[in-house]
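Colleague: Kindly return the folded structure for what I paste below:
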Amino acid sequence: MPLYLNDEQTMLRDTAKDFVAEHAPVGHLRSLRDANDATGFSRDLWKQFAEMGFTGILIGEESGGLGLGHVEAGVVLEEIGRNLSPSPFLATAVAAVEALKGTPHAERWFPGIIAGDAVAALAIDEGAKHRARIGMAAERSGNGFKLSGRKQFATHAHVADVIIVAARTAGSADDENGITLFAVDRNAAGLTNTPERLADATLASRLVFDGVEVDADAVIGEVDAGAGPLRRLLAAGRTGAAAELLGVGGGAMDLTIGYLKERKQFGAPIGSFQALQHRAAHLYSEMEIARSAVLKAQQLLDANDAGADAAVSVAKAMTGMATTLSVQESVQMHGGIGMTDEYDVGFYMKRARVLAEMFGDANFHADQLAKISGY
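Modeller: Coordinates of the predicted model:
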């Protein structure tokens, strides 16, 4: 598979680039932050995403979507990252859609997602770091289940229409089998939903489930067989986060290259200094390597290739490291003003930090690759 976009994907990229830059630039994030916005994103903008067809990219044509793939979803996510646009696109239109495919919940939620009316949140993580273990208990109760435990880092869970919850119906916390996914209402009795503002000014919730009762219809897929849909959710989420990270790193790099051309020292643009040229060239090469890794992962996911899991971990780790390099170099080459609120580049560093942790950081995915290789 060639590691470049075809003509249709290039057209989508150009459309997404113009749309996001016009309707959701970095200033949009700044205004939401300064207003201490309680939602964390613009619902009007989410509706505009729907009008552009973006929210249905991964939903099949038979369900009213565009029937496209992870490459196309990544094209949109890269532009979201480049503009630091607060949006539920990653969790809702990418990760949640993959988990709900082929289940009755697809009929329930896909029309709302396509229309830009519904938002989904993911309640997967239980500790300070993303881990593969699921310990939250789901005990049988009457015709359904009773959920007890804690989740955190659930982006937009305080305003989501549905929360996808991974819980354990059998086995121990480290077992792959015995996991079940549930679709839970954010207003369910016994659920405490506490949103907190993250470093990048977005909102994510700590969730406490105190005997939250759900009926059997809340199960996504099969009881004890949630590992399959959870794996699809995580693969889509990790690849999508990598694509958004790519946009964050690319956006920071673009700002910095522009600054190197404009800022003058000793009567010459600082971009003419060889030391800074070397650093900029190194940054560009690292971002291009990461771009290739992301596109490869997207293509393998779309092809249902057996090597997709390894490629996804490579992409998430590579973009995490390359984008971290990008935002750090950007702040340094801007000098002290890089971390002031007057310049946008500091926002890129904060967003990169949050995305790098989401769905597992570089160390997590290096460990995943070692396990896949038999170590």
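Colleague: rest of the way, CA atoms for contacts and neighbours
Modeller: Will do.
Colleague: Do a quick rundown of the helices in the stretch 51-200 of the chain.
Modeller: Listed in chain order, the helices of the stretch 51-200 of the chain (DSSP state H, counting those that start in this stretch) span 70-82, 97-100, 104-115.
Colleague: Show me the one of those helices that comes nearest R168.
Modeller: helix 97-100 (16.6 Å; C-alpha to C-alpha).
Colleague: Need the mean per-residue confidence for the closest one.
Modeller: In this model, helix 97-100 carries a mean pLDDT of 97.
Colleague: Also stretch 78-85?
Modeller: pLDDT averaged over stretch 78-85 gives 97.
Colleague: per-residue confidence at G335?
Modeller: In this model, G335 carries a pLDDT of 81.
Colleague: do G374 as well
Modeller: 89.
Colleague: now do I289
Modeller: For I289, pLDDT reads 97.
Colleague: Roughly how far does the residue nearest to it when sequence neighbours are not counted sit from A199?
Modeller: For I289, ignoring the flanking residues on the chain, the nearest one in space by C-alpha to C-alpha, 6 or more residues apart in numbering is M318 at 7.9 Å. M318 sits 22 Å away from A199 when distances are taken as C-alpha to C-alpha, to the nearest Å.
Colleague: Tell me which of the two has more neighbours.
Modeller: Neighbours were counted for M318 and for A199 using other C-alpha atoms under 10 Å; M318 has more, 27 against 14.
Colleague: Helix or strand next in line after the helix or strand that one falls within, which one?
Modeller: In the assignment (DSSP states H and E), M318 maps to helix 308-334. Downstream of helix 308-334, the next assigned helix or strand under DSSP H and E is helix 345-357.
Colleague: helices or strands up against that next one?
Modeller: Helix 345-357 makes packing contacts with helix 227-262, helix 308-334 when contacts are defined by 3 or more C-alpha pairs under 8 Å, 6 or more residues apart in numbering; DSSP states H and E.
Colleague: Nearest to D161, out of these?
Modeller: helix 227-262 (17.6 Å).
Colleague: Other residues contacting the very next helix or strand once past that closest one?
Modeller: Per DSSP H and E, the first helix or strand lying C-terminal to helix 227-262 is strand 264-265. By C-alpha atoms under 8 Å, 6 or more residues apart in numbering, the residues outside strand 264-265 that reach it are I270.
Colleague: what's the answer for stretch 126-133, then?
Modeller: 125, 134-135, 150-152, 173-175, 357-361, 364.
Colleague: ditto for stretch 295-305
Modeller: Contacts with stretch 295-305, where a contact means C-alpha under 8 Å, 6+ apart, come from 1, 3-4, 69-71, 74, 239, 306-308, 311-312, 315.
Colleague: Out of the residues you listed, the closest to F110 would be?
Modeller: Using C-alpha to C-alpha, the contacts of stretch 295-305 come closest to F110 at G69, 15.9 Å.
Colleague: list the contacts for the closest one?
Modeller: Shown in contact with G69 (C-alpha under 8 Å, 6+ apart): I57, L58, Q298, D302.
Colleague: Redo the residues you listed as JSON lines? Include neighbour count and distance to L255.
Modeller: What follows is these, written out as JSON lines (neighbours: other C-alpha atoms under 10 Å; distance: C-alpha to C-alpha, whole Å):
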{"residue": "I57", "neighbour count": "24", "distance to L255": "29"}
{"residue": "L58", "neighbour count": "23", "distance to L255": "31"}
{"residue": "Q298", "neighbour count": "27", "distance to L255": "27"}
{"residue": "D302", "neighbour count": "14", "distance to L255": "32"}
